[in-house]
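[1] Just the structure for this:
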Amino acid sequence: MSTTSEIKGKLTFAVTVMVSATLCISVLVMVFALIAGLWAAEVDNAEIFKLISPAFQTIIGGFIGLLAGVKLSHDEDEPRKDCPEC
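    Model prediction:
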């Protein structure tokens, strides 16, 4: 039987991997859309940058915040080893 901390560690790792993979896929798709839009003759490049830039920043910021939150809250329940009073 696994302890609660082992299960929490495995779950944290699984969530981190899923979020990281989703972030990588999202970034790659946006970069490919940007590149495809740069060479498409019927698309204005300024419009592509206007459309993709806010979405790109929102997705990147959201996923990085989620990853930071997962990593920071991972050891929340365990007592600190460097502080005997804690």
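[2] Okay, helices next: where are they in the protein?
    In the chain, the helices defined using DSSP state H lie at 4-39, 45-73.
[3] Which positions in the first one come out as buried?
    Counting neighbours by 16 or more other C-beta atoms under 10 Å, one finds that the buried residues in helix 4-39 are K8, V19, L23, S26, M30, L34, G37. To be clear about C-beta, it is placed using only N, CA and C from the backbone, and glycine gets the same treatment.
[4] rewinding a little: now mean pLDDT too, for the helices of the chain, in a markdown table please.
    Formatted as a markdown table, the helices of the chain follow (pLDDT from 0 to 100):
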| stretch | mean pLDDT |
| --- | --- |
| helix 4-39 | 84 |
| helix 45-73 | 80 |
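[5] Let me see the contact set for the residue minimising distance to the centre of the chain.
    The centre of the chain sits closest to F63, judged by C-alpha atoms, centre = their mean, with a distance of 2.9 Å. F63 makes contacts with V19, T22, L23, S26, as judged by C-beta atoms under 8 Å, 6 or more residues apart in numbering.
[6] just curious, which of the buried residues of helix 4-39 is nearest to G69?
    V19 (10.0 Å; C-beta to C-beta).
[7] That closest one contacts G69, correct?
    No: between V19 and G69 there is no contact under C-beta atoms under 8 Å: 10.0 Å.
[8] Which two among the buried residues of helix 4-39 are spaced furthest apart?
    Spatially, the most separated pair among the buried residues of helix 4-39 is K8 and G37, at 42.9 Å (C-beta to C-beta).
[9] ok, the nearest residue to I64 once chain neighbours are set aside to V43 distance?
    Excluding the flanking residues, the one nearest I64 by C-beta to C-beta, 6 or more residues apart in numbering is L23, at 7.8 Å. Going from L23 to V43 by C-beta to C-beta, to the nearest Å gives 26 Å.
[10] again with V70
    For V70, the distance to V43 equals 37 Å [C-beta to C-beta].
[11] A21 now?
    Per C-beta to C-beta, A21 is found 29 Å from V43.
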